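Chemist: Need coordinates for the following:
(4 chains)
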2 protein chains.
Amino acid sequence: MDLGRRLRSRGYRLTPQREAILGVLRENAGRPLSPEDIHAMAGKKQPGMGIATIYRTMDLFCELGIAFPVHLRGGYRFYEINLGKHHHHMECIACGKLELLEACVIDDIAELVRDGSDFLITSHCMSLFGYCRQCLEGGKEKEAAES
Amino acid sequence: MDLGRRLRSRGYRLTPQREAILGVLRENAGRPLSPEDIHAMAGKKQPGMGIATIYRTMDLFCELGIAFPVHLRGGYRFYEINLGKHHHHMECIACGKLELLEACVIDDIAELVRDGSDFLITSHCMSLFGYCRQCLEGGKEKEAAES
DNA sequence: CTCAATGCAAACTGTTTGCAACCGC
DNA sequence: GCGGTTGCAAACAGTTTGCATTGAG
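Modeler: Residues are numbered from 1 along each chain as shown, chains lettered A, B, ... in the order given. Reported below is the predicted structural model:
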């Protein structure tokens, strides 16, 4: 909970930039954010932030378990705040809309695999891809270019 | 099966480069290859190939269902030949070793989700991450730097 | 006062694009 | 020979790194 304590106990420092970034993550819990997204939003709280700070901070946050990376189609990087409860995503191929999948049946799978192999599973990622309702109804493919 | 026919029927052409790339994919069925990997291997069959050809060809192959993209940790791109039977991967965080997961329970999940939402699921990706036996036994973390 | 952290800009890496030459069909 | 395809090089986009400066503890 306490960011300052969490950082200091490991020899890191609590800076306004890190607070701003954590704030952004908190306000967007459950929504994967790109470094660019975070930069733009955190920049409003803490003007003048460099993009490099975002990358460095997100690496740190992931290492500390404060955030985690999300792997979506396209291979770009996204991050979310780690609130303990696990979930996955469904992404629309046409417009990019994301929907949350609360359930995580994969934990069961991972457990199964754990028994049948030499791997020690520590994390996993899963995403479903397809078309959302809007894109299916109107025009079929690539609808929402830009408004 | 017949690459030439498959291409021509859609107005595309069969070139030595495309044959070389398909050959590489075939010989590495089940193993995710990066564009770089493919470039290096196909270059031995067909010297002088440009990297751009790899990217363009893989896009085409994916569109035609000849290959499919694999999403692993790190967000880089990988491809595999599409042999119909679906599978997933387990990747060692420490040394990068990949292991195949034959089973795909996600198809069931996808079906479940299909009923409970507006999405039309067309594909998905899942990968498990953890540590392989070797990395667990020897030295715990980051073993295989380079030889 | 010390050393971690930042902003900036340059360097990198992976991917895409424009274009003239090339070559399947 | 028409038009899809290629190699090359330049352009891009996202990410990383070096370094002088700043500022948390």
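
Chemist: buried set for the longest strand along chain A?
Modeler: Determined from DSSP state E, the single longest strand within chain A is strand A:120-131. Across strand A:120-131, burial judged by 16 or more other Cβ atoms under 10 Å in any protein chain shown covers A:121, A:124-131. In short, each C-beta sits where N, CA and C put it, glycine included.

Chemist: quick one: which two of the residues you listed are the most distant?
Modeler: Using Cβ to Cβ, the buried residues of strand A:120-131 span at most 31.1 Å, a distance reached by A:Ile121 and A:Tyr131.

Chemist: Which pLDDT does the model give A:Tyr131?
Modeler: Per-residue confidence (pLDDT) for A:Tyr131: 73.

Chemist: Quick check: the gap between the residue lying closest to it once chain neighbours are set aside and A:His124.
Modeler: Nearest non-adjacent residue to A:Tyr131, counting by Cβ to Cβ, 6 or more residues apart in numbering or on different chains: B:Leu120, 4.6 Å away. B:Leu120 is 24 Å from A:His124, where distance means Cβ to Cβ, to the nearest Å.

Chemist: again, but for A:Leu100
Modeler: Distance from A:Leu100 to A:His124, by Cβ to Cβ: 17 Å.

Chemist: For A:Gly84, the count of nearby residues, please.
Modeler: 5 (other Cβ atoms under 10 Å in any protein chain shown).

Chemist: so it sits in a strand?
Modeler: No - the assignment for A:Gly84, made by DSSP: H, G, I helix; E, B strand; the rest coil, is coil rather than a strand.

Chemist: For it, give its distance to A:Leu120.
Modeler: 21 Å.

Chemist: thinking in terms of the whole chain, how far from its middle is stretch A:55-64?
Modeler: 12 Å (Cα atoms, centre = their mean, to the nearest Å).

Chemist: now swap in stretch A:116-136 and tell me
Modeler: 14 Å.

Chemist: Can you get me the start-to-end distance on it?
Modeler: Using Cα to Cα, to the nearest Å, the span of stretch A:116-136 from its first residue to its last is 40 Å.

Chemist: Tell me the residues of chain A that contact DNA strand D?
Modeler: With Cβ under 7 Å from any atom of the strand as the criterion, chain A meets DNA strand D at residues A:4, A:7-8, A:13-16, A:34-36, A:51-52, A:55-56, A:59, A:76-77.

Chemist: Buried subset of the residues you listed as a PyMOL selection?
Modeler: PyMOL command restricting the residues of chain A next to DNA strand D to the buried ones, with burial defined by 16+ other Cβ under 10 Å:
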select buried, chain A and resi 7+35+77
